[in-house]
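**Q** For reference, the sequence and a predicted model appear below.
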Amino acid sequence: MAKFTKKPVTVEAITFQELVDHGRRVAPESINGGMPWSFTYVGHHISHENDTCYLIPTLEGTMKMGPGDMLITGVKGEIYPCKRDIFEATYDAEPSPAASTHPPHQQRVLDEKRELDERLSKLDAFILDNPLFTKLPPDEQERLAQQSKAMAVYSGILDERIACF
């Protein structure tokens, strides 16, 4: 049986309490019994089912989010709740910029490397997995392949620089 590794993807996520606090800030008129009843979060309508449950519109339909869940915003702006234990097993926290122990010029290289690798991952996914790629003219396919190779070389150079920090 084949095995697969999840591609590194950075997502934003908030706790149940952070969602409640957001609702209180953006829709103070909807507060009932101390809880916001109806508000939007990243463009999605959130509704109150009870004080320990919000209804979250997801791509798979409406899901419930409770105090033990995290609310994830996916790479395409979609949102979905996730049990905290699964979230913690799946995601690592990104270091905050303030927590960096590197001087600013080195931190810029680290940030550039991370951003470059994210873009390279998306480009490679398009080349390998998107049927639209095969419909492009051969010369455009070749340019995209060359772009991927150049980005990989650039990423390697940044790796070498980072190794010298």
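**A** Arrived safely, thanks for sending.
**Q** Can you report how many residues lie near the nearest residue to L123 once chain neighbours are set aside?
**A** Spatially, and ignoring its direct neighbours in sequence, L123 is nearest to S148 (5.4 Å; CB to CB, 6 or more residues apart in numbering). For every residue, glycine as well, the C-beta is placed using N, CA and C. For S148, the count of nearby residues is 16 (other CB atoms under 10 Å).
**Q** Secondary structure element holding S148?
**A** helix 138-163 (DSSP states H and E).
**Q** picking up where we left off before, can you check the pLDDT for the residue nearest to L123?
**A** On pLDDT, S148 comes in at 90.
**Q** List the contacts of it.
**A** By CB atoms under 8 Å, 6 or more residues apart in numbering, S148 lies in contact with 120, 123-124, 127.
**Q** hang on, the earlier thing: in the helix holding S148, what's buried?
**A** 144, 148, 151, 158 (16 or more other CB atoms under 10 Å).
**Q** Tell me the spacing between the last one and K7.
**A** Here L158 is placed at a distance of 19 Å from K7 (CB to CB, to the nearest Å).
**Q** Likewise for Y80?
**A** As defined by CB to CB, Y80 lies at a distance of 17 Å from K7.
**Q** picking that back up, would you mind measuring from the residue nearest to L123 to E140?
**A** The value you get for S148 to E140, if CB to CB is used, is 13 Å.
**Q** Which strands or helices does the lowest-mean-pLDDT helix or strand in the chain pack on?
**A** Across the helices and strands of the chain, mean pLDDT, DSSP states H and E gives its lowest value to helix 104-129, namely a mean of 87. When contacts are defined as 3 or more CB pairs under 8 Å, 6 or more residues apart in numbering; DSSP states H and E, helix 104-129 packs onto helix 131-135, helix 138-163.
**Q** Just put those helices in a markdown table and tack on distance to F39.
**A** A markdown table is the format used below for these (distance: least, CB to CB, whole Å):
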| stretch | distance to F39 |
| --- | --- |
| helix 131-135 | 37 |
| helix 138-163 | 40 |
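**Q** I'd like to know which of these lies nearest to H44.
**A** Closest to H44 of the helices and strands packed on helix 104-129 is helix 131-135 (CB to CB; 27.1 Å).
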